[in-house]
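# coordinates only, no sequence provided:
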């Protein structure tokens, strides 16, 4: 069985003049080589394909693979994560992780919240600011939390993302509209503890493999920002979710995962509201897979699951799903 690897390397886009923040969601050589090693540990042969344009050329030349392990985040547009899966669907090549519809939907945090809210999953009240004229129409109690609607890895999130009044809301929204050229998500701020839950599988077979709490260093800010994630070893400590909170965190995470139609593996981020109820924050259906630094491998290790086993379980889910 031959597994093709599709990925976007940071260095490829740095060569095009992109900044470190612009390529923050993309992968490193360590991630790609780590996946190769893990696949080999599971008795699977792999071959590197690379990014979308490399994939296009190789498909058009007639090359095919039994399965593609896809971690392409894409670079441009709200549908960027959906581009490689859409191309693979067009050529009838099976792949890991979610389909184009799910990846486009979930990258838009507002659309994802609408779906989980309609499915009865707790999530903070929210509004979308698509242009500066929308700011005055936000009718939510302060404090609020403000972030770009379609970014990951904490991009656009800073210590100023929690806003306490109308003047701060106006200023931060205008800055984000200008900087990211996309709508801004405004949510009621959730004051409780923050967790992320790892999930492997699809539909009724999906299972929570464990979760972890994000604990901020004493004296630091408690905003899980781009800078915090970049310097997590100094600013953050990760611990397993307390036993008494595990059942409800897992229940909410799985309900959101299934409502959104996610597949094979990923993460659901949660935060407790004022009553201690886990609320859906967002989903990462293409979770980072750096063996050392990414949240999903970290929480797997906390629960005794090696990196090789994690990758093996993701591939096994995809193979069952497509009948390989």
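That came through, no problem. No experiment lies behind these values; they were computed from the predicted model shown. Numbering: from 1, shown residues only.
# where are the low-confidence patches of this protein?
Scanning the chain for pLDDT under 70 picks out 218-222, 224-231.
# now the helices: where do they sit in it?
In the chain, the segments counted as helices under DSSP state H are 10-14, 29-41, 52-60, 83-90, 100-107, 109-118, 166-180, 226-230, 232-235, 246-260, 295-302, 307-322.
# buried stuff in the shortest one?
If I follow you right, that is helix 232-235. Buried residues in helix 232-235, counted by 16 or more other C-beta atoms under 10 Å: 232, 235. (C-beta placed from N, C-alpha, C; glycine too.)
# need the helices of the chain in a markdown table (columns: distance to residue 134).
Output for these, formatted as a markdown table (distance: least, C-beta to C-beta, whole Å):
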| stretch | distance to residue 134 |
| --- | --- |
| helix 10-14 | 31 |
| helix 29-41 | 38 |
| helix 52-60 | 33 |
| helix 83-90 | 29 |
| helix 100-107 | 20 |
| helix 109-118 | 12 |
| helix 166-180 | 8 |
| helix 226-230 | 24 |
| helix 232-235 | 33 |
| helix 246-260 | 25 |
| helix 295-302 | 32 |
| helix 307-322 | 39 |
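# closest one to residue 279 among those helices?
helix 246-260 (7.6 Å; C-beta to C-beta).
# to residue 187, which of the helices of the chain lies closest?
helix 109-118 (8.1 Å).
# list the buried residues in that closest one.
109, 110, 111, 112, 113, 115, 116, 117.
# and that helix, how far from the chain's centre?
Computed by C-alpha atoms, centre = their mean, to the nearest Å, the chain-centroid distance of helix 109-118 equals 15 Å.
# how about stretch 73-82?
Worked out by C-alpha atoms, centre = their mean, stretch 73-82 lies 13 Å from the chain centre.
# endpoints of it, how far apart?
Using C-alpha to C-alpha, to the nearest Å, one end of stretch 73-82 lies 8 Å from the other.
# tell me how this structure divides into domains.
Using automatic domain parsing, the domain parsing of the chain gives 2-97, 125-188, 191-322.
# mind putting those domains into a markdown table with distance to residue 103?
Below are these laid out as a markdown table (distance: least, C-beta to C-beta, whole Å):
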| stretch | distance to residue 103 |
| --- | --- |
| domain 2-97 | 4 |
| domain 125-188 | 11 |
| domain 191-322 | 6 |
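# for residue 105, find the nearest of those domains.
domain 191-322 (6.9 Å).
# any chance of the buried residues of helix 109-118 in TSV, plus distance to residue 13?
Converted to TSV, the buried residues of helix 109-118 look like this (distance: C-beta to C-beta, whole Å):
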residue	distance to residue 13
109	23
110	26
111	26
112	25
113	29
115	30
116	31
117	34
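# residues contacting residue 113?
123, 126, 185, 280 (C-beta atoms under 8 Å, 6 or more residues apart in numbering).
# show me the contacts for residue 248.
277, 278.
# all further residue positions should be reported with the first residue as 47.
OK, 47 is where the count begins now, so the last one is residue 294.
# roughly how far does it sit from residue 250?
Using C-beta to C-beta, to the nearest Å, residue 294 is found at 20 Å from residue 250.
# do the same with residue 172
Counting by C-beta to C-beta, the gap from residue 172 to residue 250 is 29 Å.
# more neighbours, those two?
residue 172 (19 against 8; other C-beta atoms under 10 Å).
# partner residues bridging the more buried one?
Beta bridges link residue 172 to residue 233 when assigned by DSSP bridges.
# was I right to think it contacts residue 232?
Yes: using C-beta atoms under 8 Å, residue 172 and residue 232 qualify as a contacting pair, with a distance of 6.3 Å.
# which residues do these two both contact?
Residues touching both residue 172 and residue 232 (C-beta under 8 Å, 6+ apart) are residue 186.
# correct me, but residue 102 touches residue 133?
Yes: judged on C-beta under 8 Å, residue 102 makes contact with residue 133 at a distance of 6.7 Å.
# settle it for me: which of the two has more neighbours?
residue 133 (19 against 14).
# for the more buried one, give its distance to residue 291.
41 Å.
# how about residue 218?
31 Å.
# what of residue 251?
From residue 251 to residue 291 the distance is 24 Å (C-beta to C-beta).
# for the spatially most central residue of the chain, list each beta-bridge partner.
Centroid check for the chain by C-alpha atoms, centre = their mean gives residue 330 as the closest residue, at 2.2 Å. For residue 330, the beta-bridge assignment (DSSP bridges) gives partners residue 313.
# who are the neighbours in contact with it?
Contacts of residue 330 by C-beta under 8 Å, 6+ apart are 198, 312, 313, 314, 315, 342.
# give me the buried entries from those.
Using 16+ other C-beta under 10 Å, the buried ones in the contacts of residue 330 are 198, 312, 313, 314, 315, 342.
# what's the closest non-adjacent residue to the fourth one?
In this structure, residue 314 finds its nearest non-sequential neighbour in residue 299, 3.9 Å apart by C-beta to C-beta, 6 or more residues apart in numbering.
# and for the one you found, the neighbour number?
Using other C-beta under 10 Å, residue 299 is surrounded by 26 other residues.
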